[in-house]
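K.L.:
Fold the stuff below for me.
(one chain, ligands or ions: 2)
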Amino acid sequence: MDDKVIITCALTGGMTVPAQSAAIPVTVDQIVEDGLRAAEAGASVLHIHVREEATGRPVADLELFDAVLSRLKAQTDAVLQPTTGGGRGMTVIERGAIVPRFRPEMATLNAGSFNFGLYPILQRDLNFQEWEVDYLEGTRDYIFKNTFADVTYLKGLMDEAGTKPEIEIYDVGHLFNLRQLIKEGVVTPPFNLQFVLGVLGANMVEPDQLIHMLRTAERLFGSGNFTWSAAGVGYPGEFQLVALGLMMGGNVRVGLEDNLRVRRTAAAKSNVELVEKAVALAAMFDRTPATPAEARAVLGLKGSEDTDF
Ligand code: KMH
Ligand code: ZN
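P.N.:
Numbering: from 1, shown residues only. Ligands and ions are numbered 1, 2, ... in the order given. I've put the predicted structure just below:
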């Protein structure tokens, strides 16, 4: 097993809302500051979303992406990985615009459509803003749309930009989608998989679910033809998958995008706390955080010079 582990930190996302935690970075300054500290703590990939600064609402605003990406690139060598997943209400055109505009080394590519239910968050006794109630309640009737046409379109943008996709797999069926896209020449091995478990509407965080998805990927694609990472949504799911990923030779993802607790009884004060816990767990499994250069080599990335930010 390769002792190096690529730790991705998903800084803010488009799922959680500010009412859930004051730790969620919202402004450009907060996202940049948290990203720099997360990289310092051992994250070699920073997964980037942006939010309206005044309200914290997830947006696809290219000016905000430019500010975050440019300032991070100026201060860290970590791989900067913007999302094409965006958030509820964004079209695939809006979501994909970050690729030709910034030509990032890496961006997410979601391999299938599914219900994306965030509305149970409203059962918590929190001080929600009006938009947060609408945003969350609206997910009762929301499909995170990634049709074969959408995935093909987004991957085409990435091919033109020299951007490597991180292919997000939420259900085992998404692996069979991927097999079809390989047949069509849309995706060619080697590629990078991120197993994301714990979204209501797709697979949940259970050890045998991850192992089944991994074994299915190995059977469909051959274990030498892909790298993989594990991202658990919620607590303890995030760190259950971190432990499994570390034990099984994979890479791992943590961050306030996916999970707001660092202990069962303690909310995370920042992304750094989550990265630090992943680094500590890695050491227990004889694994050390990959440097950005090592991550680029494993993921097959073009380097940060050839980007447009
Ligand atoms: N929010 C995660 C559940 C993306 O941004 O494209 C999935 C994710 C995908 O991070
Ligand atoms: Zn994301």
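
K.L.:
which outside residues touch stretch 212-226?
P.N.:
Stretch 212-226 has contacts (Cβ atoms under 8 Å, 6 or more residues apart in numbering) with 169, 172, 175-176, 178-179, 182, 189-193, 195, 203, 228, 248, 250. Any C-beta I mention is one placed from the backbone N, CA and C, and that applies to glycine too.

K.L.:
how about a cut-off of 10 Å?
P.N.:
Around stretch 212-226, the neighbours that count as contacts under Cβ atoms under 10 Å, 6 or more residues apart in numbering are 167, 169-176, 178-179, 182, 187-193, 195, 197, 203, 206, 208, 228, 230, 244-245, 248-250.

K.L.:
In strands, which of those fall?
P.N.:
Taking DSSP state E, the ones among those that sit in strands are 167, 169, 191, 192, 193, 195, 197, 228, 230.

K.L.:
circling back to that earlier point, and the buried ones among the contacts of stretch 212-226, selectable in ChimeraX?
P.N.:
To isolate the buried subset of the contacts of stretch 212-226 in ChimeraX, counting by 16 or more other Cβ atoms under 10 Å, use the following:
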select :167,169,170,171,172,174,175,178,182,187,191,192,193,195,197,203,228,230,244,245,250
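
K.L.:
Adding pLDDT, write the ones in strands among the contacts of stretch 212-226 out as a markdown table.
P.N.:
Putting the ones in strands among the contacts of stretch 212-226 into a markdown table (pLDDT from 0 to 100) gives the following:
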| residue | pLDDT |
| --- | --- |
| 167 | 98 |
| 169 | 98 |
| 191 | 98 |
| 192 | 98 |
| 193 | 98 |
| 195 | 98 |
| 197 | 98 |
| 228 | 98 |
| 230 | 98 |
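
K.L.:
Which members of these additionally contact ligand 2?
P.N.:
Counting by Cβ under 5 Å from the ion, nothing from these sits close to ligand 2.

K.L.:
Could you work out the most separated pair of these?
P.N.:
The most widely separated members of these, counting by Cβ to Cβ, are 191 and 197 (19.0 Å).
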